[in-house]
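[1] okay, predicted coordinates and the sequence, questions at the end:
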Amino acid sequence: MDGTERRFEPRRFLTRHDVEDAHAAGTPVRLSGRDVLTHEAAQRARDLGVTVERASHDGWAGAGAAAPAAAAPTAAAVTTDDLRRAVRAAVIAELGTEPAQLDAVIERVLRARG
């Protein structure tokens, strides 16, 4: 390795169970790197008053009580094009490259879900 390779950081999905565990322990939920707080977990954190923190270059940046890592749009506000773009970006971010026929696979899945 010459130091130019991109280090793969796995993505964690934190759920309401993680929030409930943090609440029971009296600790904040800490997100780092590519971690994702699910919408249900963000709502549960708000309900319980659990602080959600996102790692920054300077340490942990408190996002405030129950603020999700990224605001999730409501289901009514999400269009098929929004979903298509989000899925495409997530797949590429996860794999680090665009797989062959990605758009065709996304279209097939979207058609199948109605």
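    Structure received. This one's a predicted model, so the numbers in the text were calculated from it and none came from an experiment. Residues are numbered from 1 along each chain as shown.
[2] which stretches of the chain have low pLDDT?
    The model of the chain has pLDDT under 70 over residues 1-8, 56-78, 114.
[3] domain ranges for it?
    Domain assignment for the chain, taken from automatic domain parsing, gives 13-65, 75-112.
[4] residue 31 contacts residue 41, doesn't it?
    No: counting by Cβ atoms under 8 Å, residue 41 is not a contact partner of residue 31; they are 10.2 Å apart. To be clear about C-beta, it is placed using only N, CA and C from the backbone, and glycine gets the same treatment.
[5] out of those two, which sits in the busier spot?
    When residue 31 and residue 41 are compared for neighbours, residue 41 comes out ahead with 25 against 21, by other Cβ atoms under 10 Å.
[6] which helix or which strand is home to the more buried one?
    Using DSSP states H and E, residue 41 sits within helix 39-48.
[7] still on that earlier bit, would you mind finding the most buried of the domains of the chain?
    domain 13-65 (a mean of 16; mean count of other Cβ atoms under 10 Å).
[8] before we move on, back to that, so what sits against both of residue 31 and residue 41?
    Both residue 31 and residue 41 are contacted by residue 14, under the criterion Cβ atoms under 8 Å, 6 or more residues apart in numbering.
[9] mind listing the helices for the chain?
    Assigned by DSSP state H, the helices in the chain fall at 16-25, 39-48, 80-95, 102-112.
[10] could those helices go into CSV alongside distance to residue 10?
    CSV is the format used below for the helices of the chain (distance: least, Cβ to Cβ, whole Å):
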stretch, distance to residue 10
helix 16-25, 15
helix 39-48, 18
helix 80-95, 9
helix 102-112, 21
